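**Q** Sequence first, predicted coordinates after that:
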2 protein chains.
Amino acid sequence: MKVTIRDVARRAGVGVATVSRVLNGSGYVKAETRERVLAAAAELGYVPSQLARGLVGGLSGTVGLVIPDITNPFFPLITRGVEDAASEAGYTVFLCNTDNDPGLEAHDVQKLRERRVDGVIFVGTTERRESVDRLLADGIPVVVMDRQLNHADVDTVLVDNLAGARAACRHLIGLGHRRIAHAAGHRSTRTGQDRCQGYREALEEAGIAFDPACVAWGDFTYESGYRVCQVLLGLTPRPTAIFAGNDLIALGAIRAAEDAGLAVPDDLSVVGFDDIQMAALVRPGLTTVRQPAREMGRMAMTMLLQRIRGEAAGPGRRHVYQPELIVRGTTRRREPHA
Amino acid sequence: MKVTIRDVARRAGVGVATVSRVLNGSGYVKAETRERVLAAAAELGYVPSQLARGLVGGLSGTVGLVIPDITNPFFPLITRGVEDAASEAGYTVFLCNTDNDPGLEAHDVQKLRERRVDGVIFVGTTERRESVDRLLADGIPVVVMDRQLNHADVDTVLVDNLAGARAACRHLIGLGHRRIAHAAGHRSTRTGQDRCQGYREALEEAGIAFDPACVAWGDFTYESGYRVCQVLLGLTPRPTAIFAGNDLIALGAIRAAEDAGLAVPDDLSVVGFDDIQMAALVRPGLTTVRQPAREMGRMAMTMLLQRIRGEAAGPGRRHVYQPELIVRGTTRRREPHA
DNA sequence: ATATGATATGGAATCGTTTCCATTCTCGGG
DNA sequence: CCCGAGAATGGAAACGATTCCATATCATAT
């Protein structure tokens, strides 16, 4: 039924070792013998078993990609970038959704270890180090994206959240806004904290006093943005601009503002973060801070491959991307009131 | 370094066969022995190798999911549904993006065969049967989603595109529209053809003559929708409504209409298909035909598991979901002109 | 003519499991 | 007291590759 290397060897009239050498291009093989082996393999429709290959001590040719939820529009692009680089290198990617649930994450990591993956990429997962430690103990390299893990042995790919947040807020300040609120992401994430910090720094450098009431924490979802914006719009004086922790929050905030009878950007300017696909398609277009997500995914996979191949040893490297402000239609110059 | 079943056996003072029986819950094992083995495994942090398990003739515990592009907002939900069901069953999913390129698809399928996946799910791929045939020849079950493959041995999960398209057009007709155009998807896909056919049927049953000029083919992208809509709006008399082949097309069409100075839904009503996340978030909300994508993904994986476990033999089954019309803000009653 | 090093090839061990088969215990019934 | 069936266990043969090591054939330099 299944055709094995032994079948190919028999058909070509050679030993299995020779077949292996031909298929892997290793060792000496006479040109004529190579032809015969290749022909036999093709005729039999031979497909080498990566399971067996992996077992003999080599690599499995697979990596794991652990993300919270592929349904969240921020992750498909990263996933695609990882996949692109993996595919080019002959690698295959296991996709795991954790919903940010530590239990599910542990379950997924356990499965990945059983599958003997050659490496794992974590994106935007909780800061819990347990899973990562277990993998490193197995000698499986790890790359972390969009989160900072103060771990000596993992490579990190992220965007400069501070700079991005500062750029977003400077843009608003430059448009004449003074009362700027921040619809923040999740308080326990470094990403959320950094963006909030960038917001504060931009205010400070413009000489605007920081009002704690202007920062409302939630999580990185549309619903959270909607809820939090309702609170922020109730402040007096009402903010004239909102810097959101990400694009989904921004979209939720815009909807909340409109439902409250406010026009965007006439009555309220809004800036997001990430530049998800939707940001360019909604009307008015969402002004936001762009992360090169696909490129970052590709970079993460590239770094992982270097670790796997032993081309990079030593302490964890860090690759920081500079985000870019994309001005669209949700921000407008604030006309000084009478 | 790596801890194997032999290490666990030694530690527990038993044979490897006994350890295997304990871990798999097969055969006879004394309760006290079981405890000892389990303890030893835990102390050593033993993780069984699925590679070895798969090799001995069992299953690899993996399946392949082949889609055109995870970046297209239609696929994440399906992917998530597949993942959900897979994870519950202890399965892991290989994600492959083909960009609808037969060459890439062949490459991906080759990799999946090398990995000895237990099954493969194709979503919205080209109708080329080659890859599928190869898998079936290997004895690897296949499930196809969102496409019809006239193949005796594959299970199919799809939505009733005819009924969905009819519902969308009846809705427009019910609102008083008579001049309705169709911004169609890709001409060579069954999905595109069926939705066009449903459109024609709805017109016919309403006694509206079919005008070939009112159907413009493209592909299932935003850009295509934009382009195609420009053409349709140039017709005389100008259509008062457009039924789009999917939501991305609809979104592109809306943008084109607005750029042409037309208001949606006042001057032009638009209906989409799929109900991607964006459809509910744009303003005005997109009227569309909803597919239960996550549920469909889950169903595809469930059917695949049944095949893998031999719980379902015989000819290919077919699971057809009934779509649901979701009325939002892009459709409006046509006021009869003077 | 012989030593030498490169070229070619195959046998067999190995990777970490599952599972078949053989063996040893343990009991309850005759 | 013996016997047979179930309970409990371990040894060893697969599974399908890679790779080490041994062996054989050359051509060329000495």
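**A** Structure received.
**Q** Now A:D267: closest residue in space, sequence neighbours ignored.
**A** A:A257 (7.3 Å; C-beta to C-beta, 6 or more residues apart in numbering or on different chains). Bear in mind the C-beta positions are built from the backbone N, C-alpha and C, glycine included.
**Q** And that neighbour, how far from B:V320?
**A** 42 Å (C-beta to C-beta, to the nearest Å).
**Q** neighbour count winner among these two?
**A** A:A257 (23 against 12; other C-beta atoms under 10 Å in any protein chain shown).
**Q** what's next to the helix or strand hosting the more buried one, contact-wise?
**A** In this assignment (DSSP states H and E), A:A257 forms part of helix A:247-259. The contact list for helix A:247-259, computed with C-beta atoms under 8 Å, 6 or more residues apart in numbering or on different chains, reads A:72-74, A:183, A:185, A:218, A:220-230, A:232-233, A:242, A:244, A:263-264, A:267-268, A:270-276, A:278-279, A:282, A:286, A:288, A:330, B:281, B:283.
**Q** What does the pLDDT read for A:E127?
**A** Per-residue pLDDT puts A:E127 at 65.
**Q** now do A:H151
**A** A:H151 is given a pLDDT of 78.
**Q** just checking, it touches A:R129?
**A** Yes: counting by C-beta atoms under 8 Å, A:H151 does reach A:R129; the two are 6.5 Å apart.
**Q** before we move on, back to that, the residue nearest to A:D267 and DNA strand C, how far apart?
**A** For A:A257, the distance to DNA strand C (C-beta to the nearest atom of the strand, to the nearest Å) stands at 57 Å.
**Q** Pull the number of nearby residues for A:N72.
**A** A:N72 has 20 nearby residues by other C-beta under 10 Å.
**Q** contacting residues for it?
**A** Shown in contact with A:N72 (C-beta under 8 Å, 6+ apart): A:F220, A:L248.
**Q** Confirm it sits in a strand?
**A** No: counting by DSSP: H, G, I helix; E, B strand; the rest coil, A:N72 is located in no strand; its state is coil.
**Q** Can you pull the domain assignment for chain A?
**A** Chain A breaks down by automatic domain parsing into domains covering A:5-48, A:62-159+A:293-321, A:161-291.
**Q** Any chance of JSON lines for the ones you listed, columns distance to DNA strand D?
**A** As requested, those are exported to JSON lines (distance: least, C-beta to the nearest atom of the strand, whole Å):
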{"stretch": "domain A:5-48", "distance to DNA strand D": "3"}
{"stretch": "domain A:62-159+A:293-321", "distance to DNA strand D": "13"}
{"stretch": "domain A:161-291", "distance to DNA strand D": "39"}
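**Q** For those domains, give me JSON lines that also has distance to B:T189.
**A** Converted to JSON lines, the domains of chain A look like this (distance: least, C-beta to C-beta, whole Å):
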{"stretch": "domain A:5-48", "distance to B:T189": "29"}
{"stretch": "domain A:62-159+A:293-321", "distance to B:T189": "22"}
{"stretch": "domain A:161-291", "distance to B:T189": "22"}
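**Q** For B:R115, find the nearest of the ones you listed.
**A** Closest approach to B:R115 among the domains of chain A (C-beta to C-beta): domain A:62-159+A:293-321, 6.1 Å.
**Q** Could you tell me the end-to-end distance of that closest one?
**A** From its first residue to its last, domain A:62-159+A:293-321 covers 26 Å (C-alpha to C-alpha, to the nearest Å).
**Q** Chain B contacts on the stretch 151-300 of chain A?
**A** Within the stretch 151-300 of chain A, the residues that sit near chain B (C-beta under 8 Å from any C-beta of the partner chain) are A:Y222, A:L251, A:R255, A:E258, A:Q277, A:M278, A:L281, A:V282, A:R283.
**Q** repeat that with 10 Å
**A** Listed as neighbours of chain B in the stretch 151-300 of chain A under the rule C-beta under 10 Å from any C-beta of the partner chain: A:222, A:248, A:251-252, A:254-255, A:258, A:264, A:276-278, A:280-284, A:293-294.
**Q** what about burial for these, which qualify?
**A** Among those, those scoring as buried are A:222, A:248, A:251-252, A:254-255, A:264, A:276-278, A:281-284, A:293-294 (criterion: 16 or more other C-beta atoms under 10 Å in any protein chain shown).
**Q** in which helix or strand would I find A:V157?
**A** strand A:155-159.
**Q** which stretches of the stretch 101-250 of chain A form strands?
**A** Shown for the stretch 101-250 of chain A, the strands assigned by DSSP state E, counting those that start in this stretch span residues A:119-123, A:142-145, A:155-159, A:180-186, A:215-218, A:241-244.
**Q** between those, which one is nearest to A:R11?
**A** When these are ranked by proximity to A:R11, the top entry is strand A:119-123, at 36.3 Å, counting by C-beta to C-beta.
**Q** same for that closest one, what does it pack against?
**A** If you count contacts as 3 or more C-beta pairs under 10 Å, 6 or more residues apart in numbering or on different chains; DSSP states H and E, strand A:119-123 packs onto strand A:62-67, helix A:75-88, strand A:92-97, helix A:102-114, helix A:130-137, strand A:142-145, strand A:155-159, helix A:293-308.
**Q** For the helix-or-strand element of chain A with minimal mean pLDDT, output the C-alpha coordinates as PDB.
**A** Across the helices and strands of chain A, the lowest-confidence element by mean pLDDT, DSSP states H and E is helix A:130-137, at a mean of 91. What follows is helix A:130-137, C-alpha atoms only, in PDB (Å, rounded to 0.1, in the frame of the first residue of the first chain):
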ATOM      1  CA  GLU A 130       5.700  28.900  32.200                       C
ATOM      2  CA  SER A 131       5.000  27.700  28.700                       C
ATOM      3  CA  VAL A 132       8.000  29.400  27.300                       C
ATOM      4  CA  ASP A 133      10.300  28.000  30.000                       C
ATOM      5  CA  ARG A 134       9.100  24.500  29.300                       C
ATOM      6  CA  LEU A 135       9.900  24.800  25.600                       C
ATOM      7  CA  LEU A 136      13.300  26.300  26.200                       C
ATOM      8  CA  ALA A 137      14.100  23.500  28.600                       C
END
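**Q** what helices or strands is it leaning on?
**A** Packed against helix A:130-137 by the contact rule (3+ C-beta pairs under 10 Å, 6+ apart) you find helix A:102-114, strand A:119-123, strand A:142-145.
**Q** Quickly check the buried ones among the residues of the stretch 151-300 of chain A next to chain B for the two that are furthest apart.
**A** Across these, the longest distance by C-beta to C-beta is 28.3 Å; it joins A:V264 and A:R294.
**Q** Next, the contact list for A:Y91, please.
**A** Applying C-beta atoms under 10 Å, 6 or more residues apart in numbering or on different chains to A:Y91 gives the contacts A:59-63, A:82-83, A:85, A:117-119, A:301, A:304-305, A:308, B:111.
**Q** Just the buried ones from the contacts of helix A:247-259?
**A** A:72-74, A:183, A:185, A:218, A:220-222, A:224-230, A:232-233, A:242, A:244, A:264, A:267-268, A:270-276, A:278-279, A:282, A:286, A:288, A:330, B:281, B:283.
**Q** So which of these belong to helices?
**A** When those are checked against helices (DSSP state H), the matches are A:222, A:224-230, A:232-233, A:278-279, B:281.
**Q** Write out the residues of the stretch 1-150 of chain A neighbouring DNA strand C.
**A** Proximity of the stretch 1-150 of chain A to DNA strand C, by C-beta under 7 Å from any atom of the strand, involves residues A:13-18, A:21, A:27-33, A:52, A:55-57.
**Q** same thing but 10 Å
**A** Contact residues, the stretch 1-150 of chain A versus DNA strand C (C-beta under 10 Å from any atom of the strand): A:5-6, A:9-10, A:12-22, A:26-34, A:36-37, A:51-58, A:114, A:116.
**Q** buried ones in the least confident helix or strand of chain A?
**A** Applying 16+ other C-beta under 10 Å to helix A:130-137 flags A:S131, A:V132, A:R134, A:L135, A:L136 as buried.
**Q** from those residues, which is closest to chain B?
**A** Checking the buried residues of helix A:130-137 against chain B by C-beta to the nearest C-beta gives A:R134 as the nearest, at 8.0 Å.
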